[in-house]
Each structure stands twice: as C-alpha cells, then as structure tokens.
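Chemist: here's my sequence, what's the structure:
(one chain, ligands or ions: 1)
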Amino acid sequence: GKQPLTLLGLGAMGTALARTWLAAGHPLTVWNRSPARADALAAEGASAAGTAAEAVAANRLVVLCLLDDASVGQTLAGADLAGKDLINLTTSTPGQARALAAWAQERGARFLDGGVMAVPPMIGAAGSGGYIFYSGSRALFDAHRETLVVPAGTTYVGEDPGFAALHDVALLSAMTGMFAGVAHAFALIRKENIEPRALAPLLADWLTAMSPAVHTTAAQLDSGDYSAGVVSNLAMQVAGSATLLRTAGEQGVSAELLTPYLALMELRLAEAERGNEEGTTGVIDLLVR
Ligand code: NDP
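Modeler: Have a look, this model is predicted:
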C-alpha cells in the first residue's frame, strides 16, 4: 500500500497538497486550526484528527504547511516527536529552518525543510513547472521520495536545513525585483494611448530574452573576472540610467523602484578601476556586508 502520512495545515497550499496525496491513494490524516477545513477533506477521504498532537501521533511521516514559522512552533508545542519524520513546507527563513531542525532533532525526529516553488494550481499538475526545494536529512528525503514526488517535482539542495529556504528566498527576491521593474514599465505608459495588453507580450518576451544574463553573472562570480563576456559595460549603463530617470520624469512617474539599484551602479562605477570593461556584477560586492 501507499505510505500513510499526516498533514498539518489546510490553507490554500495545504489543501492542494492533501488532494494530490488522497488522489494517489495515500492514507492521509489531516488537522487544521479551524476544523471546517479538515471536515471538508474528510469528505474526500482523509481522516480528520481532533488535535495537532493526535494528528502527529497517527503517522510516522508528518508534513506541515502553515502560515509562518510562529504557527509551526505553536502547532507542534504539545506533540510527541520521538521517531517522527518531520517535513516543514511552511515558508521560513534559513535561520528559522535551522532552529526548527535542531529543535525537532532534540525531540528525536528526523527533519527536512521545504520551499514550495509553486502556487496551489500547479500542485499535482504535471508539466506546470512547479517544484519543491528540500534540504536537511538526506535519509528522510530518500526514504519518502515516492511520497514527495506526488504533489510536485523535488529538488534536494543539501544537508543544511536552511538551504531550501535560502534557495526559495533567493528566487523570490529576484522575482520581486522583476515585478518592481514590470510595475515601473506599466506606470510609464499609464497616461499614453498604449494598451497594457499590447505592452505585456513585449515585456514578457524581453524579460525572457534577458534572463540568460544570470549565467554570465554566475561565471564572473566563479572566476572573479567581472569583465568576462561583458557586452554592456557599466559606464555605458550608468550613462543610460540618466535616460531611464529622465523618461520617468517626462511621464510623471516616480523612479523610486529604480533609483536604489541605479545608485549602486553609480557607486560601483566610481570605485571600479575598469568601469568601462565590467558590467553590473560588482554591485553584488557592494551589497554583501
Ligand atoms: P493560507 O493563508 O491559505 O493558510 C494558512 C494556514 O495556516 C491555515 O491552515 C491556517 O489555519 C494556518 N495557521 C495560521 N496561523 C496559525 C497558527 N497560529 N496555528 C496553527 N495554524 C495556523 O496560506 P497558504 O496555504 O497559501 O500558505 C501556507 C504556506 O505555504 C505558507 O508558508 C506560504 O508561504 C507557503 N506557500 C504558499 C504559496 C501560495 O501561493 N499559496 C506558494 C508557495 C508557498 P486556519 O484555517 O485556522 O486559519
């Protein structure tokens, strides 16, 4: 038979996870702070536990998908974790994941942290591109691989329990910068006779065309040679940033989403010996304190 497991937390993500395990035939025990959501899953074949501690007691494999790190601590406070395989899919910081791992191990559990790179409709949808980063106990990951691949693809990133969260947040942080740029772009056309839906495909294609630049950056960081493969040098980009700022002014748009990054480029150019040879990779040196 399929591996039985417990899932704590039936929000949008927890419910999506639960449905994939039920559909795949895994016996599933669920608990949610508000019981109505567990009752709804019980109608679909799950066993609803009365308390979090009872849900944890029901199975060796226990998955959490709660709002945040604080809710995980509150939920597990009264549970006996001895001999458990604990997997936390709640978004957390690397430090929170490491602390939870140590706390769980002290109580006799094996621990794996996860970072979900998917929105709920991608869960259980083959080919959606969604997946989950895992880090922590490799033995736990290997033991439950068949269960873990049911909701989404798996990417194991190391024994350090903080690494799943670190990879997750690195990707989300890059996405945040991208969305900030997209917001600025739509603001620029707001007062003009240009349809947002006409700009959208141009934006999407341009961002896709530019994204391979991350590989050049990585190669430069690895080699330490920040001018290798540069086609848009920093001095040119700083000169060009004046055009970005002036255009924002002409269109009556605040440049506040752009200025922090442009200021760092300018600072790097002032400090760099080869500003007309290197690109923007040196900005990273200014960020790391
Ligand atoms: P929801 O807001 O839909 O659900 C939050 C869940 O946490 C509910 O089950 C809620 O219980 C529970 N909860 C909140 N506070 C507590 C508490 N103090 N004690 C016990 N349970 C608590 O969030 P999602 O399901 O969307 O997100 C869950 C996790 O998944 C988050 O860490 C999120 O970052 C992550 N995630 C979500 C994505 C998304 O697009 N939705 C994408 C990637 C990751 P109750 O029903 O009682 O309120």
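
Chemist: pretty sure residue 216 sits against residue 226.
Modeler: No - shown here, residue 216 and residue 226 do not form a contact pair, counting by C-beta atoms under 8 Å, at 10.2 Å. Just so you know, the C-beta spots here come from the backbone N, C-alpha and C atoms, and that holds for glycine as well.

Chemist: between the two, which one's more packed in?
Modeler: More crowded of residue 216 and residue 226, by other C-beta atoms under 10 Å: residue 226, with 22 against 15.

Chemist: without its sequence neighbours, what residue ends up closest to residue 285?
Modeler: Nearest non-adjacent residue to residue 285, counting by C-beta to C-beta, 6 or more residues apart in numbering: residue 268, 7.6 Å away.

Chemist: list the residues that contact the one you found.
Modeler: 234, 275, 280, 282-283, 285-286 (C-beta atoms under 8 Å, 6 or more residues apart in numbering).

Chemist: circling back to that earlier point, mutual contacts of residue 216 and residue 226, please.
Modeler: residue 279.

Chemist: report the separation between the residue nearest to residue 285 and residue 47.
Modeler: Distance, residue 268 to residue 47, by C-beta to C-beta, to the nearest Å: 58 Å.

Chemist: could you do residue 149 as well?
Modeler: Counting by C-beta to C-beta, the gap from residue 149 to residue 47 is 23 Å.

Chemist: now residue 61
Modeler: 14 Å.

Chemist: can you tell me the residue of the stretch 151-289 of the chain closest to the ligand?
Modeler: Closest to the ligand within the stretch 151-289 of the chain is residue 168: 8.0 Å, counting by C-beta to the nearest ligand atom.

Chemist: so residue 2 belongs to a strand, correct?
Modeler: No - using DSSP: H, G, I helix; E, B strand; the rest coil, the assignment for residue 2 is coil, not a strand.

Chemist: who's in contact with it?
Modeler: Per C-beta under 8 Å, 6+ apart, neighbours of residue 2: 24-27, 147.

Chemist: list only buried entries from these.
Modeler: Buried by 16 or more other C-beta atoms under 10 Å: 24, 26-27, 147, out of these.

Chemist: out of these, flag the one nearest to the ligand.
Modeler: Comparing the buried ones among the contacts of residue 2 against the ligand with C-beta to the nearest ligand atom picks out residue 147 as the nearest, at 18.0 Å.

Chemist: quick one: contacts for that closest one?
Modeler: Residue 147 makes contacts with 2-3, 5, 21, 26, 61, as judged by C-beta under 8 Å, 6+ apart.

Chemist: please apply the same query to residue 45.
Modeler: Neighbours of residue 45 in contact, by C-beta under 8 Å, 6+ apart: 22, 28.

Chemist: try 7 Å this time
Modeler: residue 22 (C-beta atoms under 7 Å, 6 or more residues apart in numbering).

Chemist: up against the ligand, what does this protein have?
Modeler: 9-14, 32-34, 37, 65-68, 71, 74-75, 90-91, 116, 119-120 (C-beta under 6 Å from any ligand atom).

Chemist: drop anything exposed from those.
Modeler: 9-11, 13-14, 32-33, 37, 65-66, 75, 90-91, 116, 120.

Chemist: mind checking pLDDT for the residue of the stretch 1-150 of the chain found nearest the ligand?
Modeler: In the stretch 1-150 of the chain, no residue comes nearer to the ligand than residue 11, which is 1.9 Å away by C-beta to the nearest ligand atom. Note on residue 11: pLDDT of 98.

Chemist: residue 75 versus that one, what's the distance?
Modeler: Noted for residue 11: a distance of 13 Å to residue 75, by C-beta to C-beta.

Chemist: before we move on, what about residue 21?
Modeler: Residue 21 is 19 Å from residue 75, by C-beta to C-beta.

Chemist: not counting sequence-adjacent ones, nearest residue to the residue nearest the centre of the chain?
Modeler: Residue closest to the mean C-alpha point of the chain, counted by C-alpha atoms, centre = their mean, is residue 168 at 3.1 Å. Leaving aside its chain neighbours, residue 168 sits nearest to residue 115 (2.8 Å; criterion: C-beta to C-beta, 6+ apart).

Chemist: all set, thanks.
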